Structures are given as structure tokens and as C-alpha cells.
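Colleague: Provide a 3D model corresponding to the input given below.
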Amino acid sequence: ISGPYYACTTLCAQAVGAGNSYLAGQYLQIATTLYITLNIPCVFFWWHYMYEIILYLEWGDEDTALIAQDFIRVYIWYYILSGISSGVWQLLEVTDHVTEGTIISMTWSLVNVLVVWFLVTHDR
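Modeller: Predicted coordinates for the structure are as follows:
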């Protein structure tokens, strides 16, 4: 499902090489729209059916299925935001803003660590 961003890397490089940064930004917007739109069925499926899937595949008992369902409802947002972050990073890399991209990636990683720490150490 990350295909639009992989295509965007090539198209953005060509647009920036042609001196058209505006077009590169449009490619990123189109790729982000496609990425989110293509993920809607997956998000819906994961959100509503993870519990039943775990039980059907016999990967655990009801407690395991509940934990998996709670986990996936948090992970979905990470998955979507991670994909968008990857697209922005690719645009920054193509436009020779690697330092700024690295700062954004480091900040994103710190936020991930803090969110996981909060979710692990705090009760509902």
C-alpha cells in the first residue's frame, strides 16, 4: 500500500530536477491522498475484525484477542502517520534537505518512544 510513495520518490526527483518544486509538492499530495484512501479498507477491517481473526486462527484465547484488538487500534494510527512521515522524508531527501529530514525523523522517533512508554506504564 506504500506504492504511491515509492512512485512519488521518482516523480518528485524528476520534478525537482526540472526545477518545478511546486509539481513535486503536488505529487506528494496525490501520493498522500492515495495512501490514506487505499488504507481505509485495511483500517476498517483491522479496527472491527481483529478480535474475531485472532480467535478464528486460534492464535490465542479471548484475553489475547482483546489485547490484540486494543493494540491494533493504537497501531493503526502509527501505521498511517508513519507512512505519511515516510513520504515527507522522501520529498525532503529529493530536495536536498536531508538535515531537516533527519531532525524530523529523530523527533518522530522520540515521540514514538514516549507514546509507547506512556501506553505501557499507564493503566487505561
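Colleague: which ones are touching L91?
Modeller: Applying CB atoms under 8 Å, 6 or more residues apart in numbering to L91 gives the contacts 8, 12, 24-25, 28. To be clear about C-beta, it is placed using only N, CA and C from the backbone, and glycine gets the same treatment.
Colleague: just the residues you listed: which has the poorest pLDDT?
Modeller: In terms of pLDDT, the lowest of the contacts of L91 is C8, showing 81.
Colleague: what does the helix or strand that contains L114 contact?
Modeller: Take DSSP states H and E as the rule and L114 turns out to sit in helix 98-121. Outside helix 98-121, the residues within contact range by CB under 8 Å, 6+ apart are 74, 78, 85, 88-89, 92-93.
Colleague: sort out which residues of that helix are buried, please.
Modeller: Within helix 98-121, the residues that count as buried by 16 or more other CB atoms under 10 Å are 101, 108.
Colleague: alpha carbons only: can I get it in CSV?
Modeller: What follows is helix 98-121, C-alpha atoms only, in CSV (Å, rounded to 0.1, in the frame of the first residue of the first chain):
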residue,chain,number,x,y,z
VAL,A,98,18.5,15.8,4.4
THR,A,99,19.4,17.6,7.7
GLU,A,100,15.8,18.8,8.2
GLY,A,101,14.5,15.4,7.3
THR,A,102,16.8,13.8,9.9
ILE,A,103,15.7,16.2,12.6
ILE,A,104,12.0,15.4,11.8
SER,A,105,12.8,11.7,11.8
MET,A,106,14.6,11.9,15.2
THR,A,107,11.7,13.9,16.6
TRP,A,108,9.2,11.3,15.2
SER,A,109,11.3,8.5,16.9
LEU,A,110,11.3,10.4,20.2
VAL,A,111,7.5,10.8,20.1
ASN,A,112,7.1,7.1,19.3
VAL,A,113,9.2,6.2,22.3
LEU,A,114,7.3,8.5,24.6
VAL,A,115,3.9,7.2,23.3
VAL,A,116,4.9,3.6,23.8
TRP,A,117,6.3,4.3,27.3
PHE,A,118,3.0,6.1,28.2
LEU,A,119,0.9,3.2,26.9
VAL,A,120,3.0,0.6,28.6
THR,A,121,3.3,2.2,32.0
